[in-house]
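> the following comprises the amino acid sequence and a computationally predicted model.
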Amino acid sequence: MKTILITGANGEIGHGLISRLAERNYVRIVALDLQELDESLKPKVHRAITGDILDTALLESLSATYNFDTIYHLAALLSTKAERQPVLAHKVNVDGTLNLLEMAVGQSRLQGREIKFLYPSSIAVYGLPDLQTKARAGKVKEHEWLTPRTMYGINKLYCEQLGIYYARYYRQLDAEATQGLIDFRALRFPGLISAVTVPTGGTSDYAPEMLHAAAQGKPYACFVREDTRIPFMAMPDAVEALLQLEAAPRQKLTRFVYNVTAFNPSAQEIFNLVRHAFPKAQVTFTPDLKRQKIVDSWPADVDDSAARADWSWQPAYDLRRAFEEYLVPGVLQRYQT
Ligand code: AKB
């Protein structure tokens, strides 16, 4: 039996991850979220806890109760929400991650073995200064353009470094060895599109919002320009990427942090696909100049060749398949009454 802690369990990735992990009969999931876990997920987990990752007493009591093999630390405030509440975002995104890393160290000491720590980072760690540079940059590699312009991007970039510190240099001046406590692995996700859930608080949300509005016959005012282009991925691939990175032998991994992506349509191309599936879709493009600037600072594409080489990353869904075989049937089923 493997015991797995998932923070932010009620969020978009949490939904998909819990469903996939629950298919394995050797896994016991402890789900933690600020909001009560959805009823549909409750039967899939061993225990659902409504609580805060900033509550260290709660984390200590969890640590005293369970021997975790792997921690998926998904809880975060996304980019738009983080810009509106930067201090809260810093607390949740940075202090929350620090608390989880400390908990993982405690677990490692108790169990006398390394604890796997899976961390979803984001394309928000990149910051391109203007559209000309974005066009020239093409597929951005992991070490390029690490000059984020949002609180969320800064938080994610710092927490990647924090995870590497805990894996490699934690308490390096202590007499006793303190390495080998945490096996930290991070993915930089692009925008994610799910057929099952609608995101809240992100800036890549225009793609899923457009699709879900069309499926419900609701008009949608897209907050970015038609030519806006960033990488995206269908949610099942995001979940698969986390599971594959978790399962990869450590010796095959040449880095702690990996780009992953699947397709990178413009907002107009997304609209074309949405309109193809829902010919009555009413979409207008009314850019919010401030949110637009955030998306313009993110790369048009990322280079995920390291993930492909090291752990055979390969998305199952390209853009056409994502719409035809996952998103459109999924939202049709979801909104069918
Ligand atoms: C957001 O829009 O903030 C997120 C992200 C790109 O990480 N979806």
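Received it, and whenever you're ready, just let me know what you need. Residues are numbered from 1 along each chain as shown.
> please identify the buried residues of the lengthiest helix in the chain?
The longest helix of the chain (DSSP state H) is helix 151-168. By 16 or more other C-beta atoms under 10 Å, the buried positions in helix 151-168 come out as 151-160, 162-164, 166-167. Where C-beta positions appear, they are placed from N, C-alpha and C, glycine not excepted.
> stretch 66-77 now?
Tyr66, Phe68, Asp69, Thr70, Ile71, Tyr72, His73, Leu74, Ala75, Ala76, Leu77.
> dump these to CSV, plus distance to Gly8, pLDDT and secondary structure.
Converted to CSV, the buried residues of stretch 66-77 look like this (distance: C-beta to C-beta, whole Å; pLDDT from 0 to 100; DSSP: H, G, I helix; E, B strand; the rest coil):
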residue, distance to Gly8, pLDDT, secondary structure
Tyr66, 18, 98, coil
Phe68, 16, 98, coil
Asp69, 18, 98, coil
Thr70, 15, 98, strand
Ile71, 11, 98, strand
Tyr72, 8, 98, strand
His73, 8, 98, strand
Leu74, 4, 98, coil
Ala75, 3, 98, coil
Ala76, 6, 98, coil
Leu77, 10, 98, coil
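> tell me which two of the residues you listed sit farthest apart.
Asp69 and Leu77 (27.1 Å; C-beta to C-beta).
> got the contact list for stretch 329-337?
Applying C-beta atoms under 8 Å, 6 or more residues apart in numbering, the contact partners of stretch 329-337 are Ser194, Ala195, Val196, Leu211, His212, Ala215, Gln216.
> who touches Glu36 in this structure?
Asn10, Ala48, Thr50.
> against the ligand, how distant is the last one?
Just to be clear, that refers to Thr50. Note on Thr50: its distance to the ligand, by C-beta to the nearest ligand atom, to the nearest Å, is 24 Å.
> is it correct that that residue is in contact with Leu34?
Yes. Applying C-beta atoms under 8 Å, one finds Thr50 in contact with Leu34, separated by 7.1 Å.
> can you add distance to the ligand and give the buried residues of stretch 66-77 back as JSON lines?
Shown next, in JSON lines, are the buried residues of stretch 66-77 (distance: C-beta to the nearest ligand atom, whole Å):
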{"residue": "Tyr66", "distance to the ligand": "29"}
{"residue": "Phe68", "distance to the ligand": "25"}
{"residue": "Asp69", "distance to the ligand": "26"}
{"residue": "Thr70", "distance to the ligand": "22"}
{"residue": "Ile71", "distance to the ligand": "19"}
{"residue": "Tyr72", "distance to the ligand": "16"}
{"residue": "His73", "distance to the ligand": "14"}
{"residue": "Leu74", "distance to the ligand": "12"}
{"residue": "Ala75", "distance to the ligand": "13"}
{"residue": "Ala76", "distance to the ligand": "8"}
{"residue": "Leu77", "distance to the ligand": "9"}
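> any weak-confidence spans in this protein?
Within the chain, the segments meeting pLDDT under 70 span 337.
> who in it is up against the ligand?
Leu78, Ser79, Ser122, Ile123, Ala124, Tyr152, Phe189, Gly191, Gly202, Thr203, Ser204 (C-beta under 6 Å from any ligand atom).
> list the ones among the residues you listed that fall in strands.
Within the residues of the chain next to the ligand, residues falling in strands by DSSP state E are Ser122, Phe189, Gly191.
> so which of the residues you listed is the most crowded?
Ser122 (27 neighbours; other C-beta atoms under 10 Å).
> how much space separates that residue from Ile154?
11 Å (C-beta to C-beta, to the nearest Å).
> got the contact list for the closest residue to Ala75 other than its chain neighbours?
Excluding its sequence neighbours, the residue lying closest to Ala75 (C-beta to C-beta, 6 or more residues apart in numbering) is Gly8, at 3.3 Å. Counting by C-beta under 8 Å, 6+ apart, Gly8 touches Gly14, Leu32, Asp33, His73, Leu74, Ala75, Ala76.
> hey, what's the fourth one bridged with?
Going back to what we said before, that points to His73. Beta bridges link His73 to Thr7, judged by DSSP bridges.
> surely it is in contact with Leu118?
Yes. Counting by C-beta under 8 Å, His73 does reach Leu118; the two are 7.0 Å apart.
> for the closest residue to Ala267 other than its chain neighbours, what are its contacts?
Nearest residue to Ala267, sequence neighbours excluded (C-beta to C-beta, 6+ apart): Thr228, at 4.6 Å. The neighbourhood of Thr228, defined by C-beta under 8 Å, 6+ apart, consists of Tyr206, Ser266, Ala267, Gln292, Val295, Asp296.
> kindly reformat the contacts of Gly8 as CSV containing distance to Asp301.
Output for the contacts of Gly8, formatted as CSV (distance: C-beta to C-beta, whole Å):
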residue, distance to Asp301
Gly14, 27
Leu32, 34
Asp33, 32
His73, 27
Leu74, 24
Ala75, 28
Ala76, 23
